[in-house]
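Asks: Sequence plus predicted model, see below.
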Amino acid sequence: MEKTTLIFVGIIASLVSFASATPGIATFYTNYVPSACFGSQDQGKMIAAAGDALWNNGAVCGKIFTVTCTGPRNPVPHPCTGKSVTVKIVDHCPGCPSTIDLSREAFALIANPVAGIINIDYNQV
């Protein structure tokens with residue numbers, strides 16, 4: 001009975017998480033330091049910069065987000081890999097066309113970098 005309950009709870013948690021995802025746009029960047037949140041401190045490769053809509057005067061610094069590609073924003077067909085990536089917000093991307101500006105490594109996990117810009121769903125972990 002315990003295994004059945006745990007599986008059921010896991011399925012419900014997944015559905016709630018998916019249902020609460022927010023649509024947005026992602027791009028990628030390659031210069032990771034210094035950052036607006038952590039200066040010259042290395043934060044790894046699974047990182048992102050927040051666009052103006054998400055930045056909230058730096059309140060999003062250090063927050064963790066799961067990002068999933070949902071489709072193209074330009075003529076590159078089928079850019080999505082079908083995977084999701086978890087990233088830490090370490091920087092601000094003022095004036096970016098995107099909601100979240102992923103590190104190149106994070107972007108490449110969820111989409112073909114040739115696309116450059118993609119539609120996403122994201123949620124805070």
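Replies: Cool, the structure landed.

Asks: In space, what's closest to residue 71 - neighbours in sequence excluded?
Replies: Nearest residue to residue 71, sequence neighbours excluded (C-beta to C-beta, 6 or more residues apart in numbering): residue 119, at 4.6 Å. Any C-beta I mention is one placed from the backbone N, CA and C, and that applies to glycine too.

Asks: ok now the one helix or strand the one you found maps to, how far from the chain's centre?
Replies: Using DSSP states H and E, residue 119 maps to strand 118-124. On the basis of C-alpha atoms, centre = their mean, to the nearest Å, strand 118-124 sits 6 Å off its chain's mean C-alpha point.

Asks: Give me the sheet partners of it and which way each runs.
Replies: Next to strand 118-124 in the sheet, as set by DSSP bridges, lie strand 22-29 (antiparallel), strand 64-72 (antiparallel).

Asks: Let's have those in JSON lines, adding mean neighbour count, mean pLDDT and distance to residue 81.
Replies: Converted to JSON lines, the strands paired with strand 118-124 look like this (neighbours: other C-beta atoms under 10 Å; pLDDT from 0 to 100; distance: least, C-beta to C-beta, whole Å):
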{"stretch": "strand 22-29", "mean neighbour count": "19", "mean pLDDT": "97", "distance to residue 81": "13"}
{"stretch": "strand 64-72", "mean neighbour count": "19", "mean pLDDT": "97", "distance to residue 81": "7"}
